[in-house]
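> A structural model of the following input is requested.
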Amino acid sequence: MASGTLYTYPENTRAYKIQIAAGYSGTQLTVVQDPPAFKLGETNKSAEFLKKFPLGKVPAFENGSGTTLFESNAIAYYVSNEQLRGTDDLSRAQVQMFVNLADNEIEPAASTWVFPTLGVVQYNKQQTEKAKESLKAVLSFLNEYLKTRTFLVGERVTLADISVGCQLLLAYRQVFDVNYRKAFVHLNRWFVTFINQPEVKAVIGEVTLCEKMAQFDAKKYAELSGGGGSGKKEKKQKEQPKKAEKKPEKKAKKEVVEEDEELPPPPKKVDPFEDCPKSDFDMDAWKRCYSNNDTNTVALPYFWEKFDREGYSIWHCEYFPLSYLADNMVFQTCNLVSGFYQRVDKMMKHAFGVMLIFGEDKSTQVQGVFFWKGKSLIFDRNPDWAVDSPSYKWTKLDPDAEETKEMVKKFFNGEGDFGDLTVNQAKVFK
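Model prediction:
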């Protein structure tokens, strides 16, 4: 009987696939997922872990003889028996068809819709609506396909059911409410059958189907992304009680005037950059130059000629909660950066930067180079700008150092030698 150790983190649906498959096949699986034995972003970046799993990806598996595997589908296949994999060429091909459908069609669309309701990514209406349409098409196909079938391939549970079921789990919990589910009677029947299998319940526990479709919670997102709920919406909520304390409208006009006279004058508008020296650097002119000219031959020489070392500073940043980026699709990481830009658009006239998304689906990283007015961290100048910034490590750079000039060149071009990292795409803040 096979055996091995699975490294993951709690409630990872990709790891669920492996655990459920092991339960059906009788594989003895030791799951290491809780600190201090395993802490995502630390343990999987340690020298000891990387010696076994050079990419640092989880789920990661090591069998009894020391052979290692990564990628959840490969591990699930290894710990499965013949019934789960398919008993002939056709059934094996059908199983792989649904495994790929789960990964390539269901997971990206479901994640785009569900993740904002969990507060882990910023809500994007256009992308969410597109994801809903894509997911609906897949659900309609599955519903029709299951009209005369109990399971996806054959008469018993296979990796096809396990893969599709695990990728639909969060959606059934968060957004597939009663009204939404009405259109997918056969799919619902199959899903309820799947989650009530003893081998499945032993891993995921009791599943409560969604009663009310979850929505994006901006306050929760701000808290999870490091903002501590200090955004504008919370400020408005704090101001509401003042409105409730207004005197009745029947109050005499003279009395209202006297009450108004006792109110303190409105707070004076404070310039967040009042401590900064006056500068001749023209941010708008720089952005026009960068947008309309070749970066190397025109924009960069212009930048270093005009850059005000006394009034501005240059910074490098790196997104450090790798536990979130570890399983991200590229589009999800792009949404993370775009959401950051949207929430700090008010500082755009004082700052410029380029964020680079490195890697590929399920293995992304984010770094950037910015410059802005002032010699200190710009996000400290206005609490509304500090929602996302705590999730990044910020390092001030020496503008006269050759390594800084080389870094600025690579980031502003969106290409260059970044060691083991491969640039996927660039996002400019301008």
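> backbone phi and psi for D308, please?
Backbone torsions of D308, given as degrees, to the nearest 10, read phi -90, psi 100.
> I meant to write V366 there.
phi -130, psi 130.
> Was I right to think it contacts F358?
Yes - between V366 and F358 a contact is recorded at 7.3 Å, counting by CB atoms under 8 Å. (Glycine included, C-beta is placed from N, CA and C.)
> who's more crowded, the two?
Taking other CB atoms under 10 Å, V366 and F358 do not tie; V366 has more neighbours (24 against 19).
> Spit out the contact partners of that one.
318-319, 325, 333, 336-337, 355-358 (CB atoms under 8 Å, 6 or more residues apart in numbering).
> and those residues, which of them are in helices?
Using DSSP state H, 325, 333, 336-337 are the members of the contacts of V366 that sit in helices.
> give me the low-pLDDT residue ranges for this protein?
Within the chain, the ranges that satisfy pLDDT under 70 run 1-2, 224-269, 321-324, 326.
> Quick check: which helices or strands does the longest helix along it pack against?
The longest helix of the chain (DSSP H) is helix 125-145. With contacts taken as 3 or more CB pairs under 8 Å, 6 or more residues apart in numbering; DSSP states H and E, helix 125-145 sits against helix 107-118, helix 185-195.
> Most tightly packed of those helices?
helix 107-118 (a mean of 23; mean count of other CB atoms under 10 Å).
> what angle separates it from helix 125-145?
120 degrees (axes from the mean of the first three to the mean of the last three CA atoms, to 10 degrees).
> So what touches helix 107-118?
So helix 107-118 is in contact with 121-124, 127-128, 130-132, 134-135, 138, 167-168, 170-171, 174-175, 214-217, 221, 329, 331-332, 335, going by CB under 8 Å, 6+ apart.
> Buried ones among those?
121-124, 127-128, 131-132, 134-135, 138, 167-168, 170-171, 174-175, 216, 221, 329, 331-332, 335 (16 or more other CB atoms under 10 Å).
> Okay, buried residues for stretch 276-292 please.
Applying 16+ other CB under 10 Å to stretch 276-292 flags 276, 281, 283, 286-287, 289-290 as buried.
> Quick check: end-to-end length of it?
Stretch 276-292 has an end-to-end distance of 29 Å (criterion: CA to CA, to the nearest Å).
> same thing with stretch 411-430?
14 Å.
> how much distance is there from it to the middle of the chain?
19 Å (CA atoms, centre = their mean, to the nearest Å).
> Any buried residues in that stretch, and which?
Quick answer for stretch 411-430 (16+ other CB under 10 Å): 411-413, 423-424, 426-429.
> Check stretch 343-354 too.
343-344, 347, 350-354.
> same question, stretch 65-82
68-70, 72-73, 75-80.
> Looking at the residues you listed, spot the one nearest L142.
N73 (18.8 Å; CB to CB).
> which residue packs closest to the closest one, ignoring adjacent ones?
Closest residue to N73 apart from its sequence neighbours, by CB to CB, 6 or more residues apart in numbering: V99 at 5.8 Å.
> hang on, that neighbour packs against D161?
No - between V99 and D161 there is no contact under CB under 8 Å: 10.2 Å.
> Those two: which is more packed in?
It is D161, of V99 and D161, that has more neighbours when counted by other CB under 10 Å, with 26 against 22.
> could you say what helices and strands the host helix or strand of that one packs with?
Using DSSP states H and E, D161 maps to helix 159-174. Under the contact definition 3+ CB pairs under 8 Å, 6+ apart, helix 159-174 sits against helix 13-25, helix 72-79, helix 82-85, helix 89-101, helix 107-118, helix 185-195, helix 198-204.
> Of all those helices, which one is nearest V58?
helix 13-25 (7.7 Å).
> Tell me what angle that closest one forms with helix 185-195.
70 degrees.
> Thank you, goodbye.
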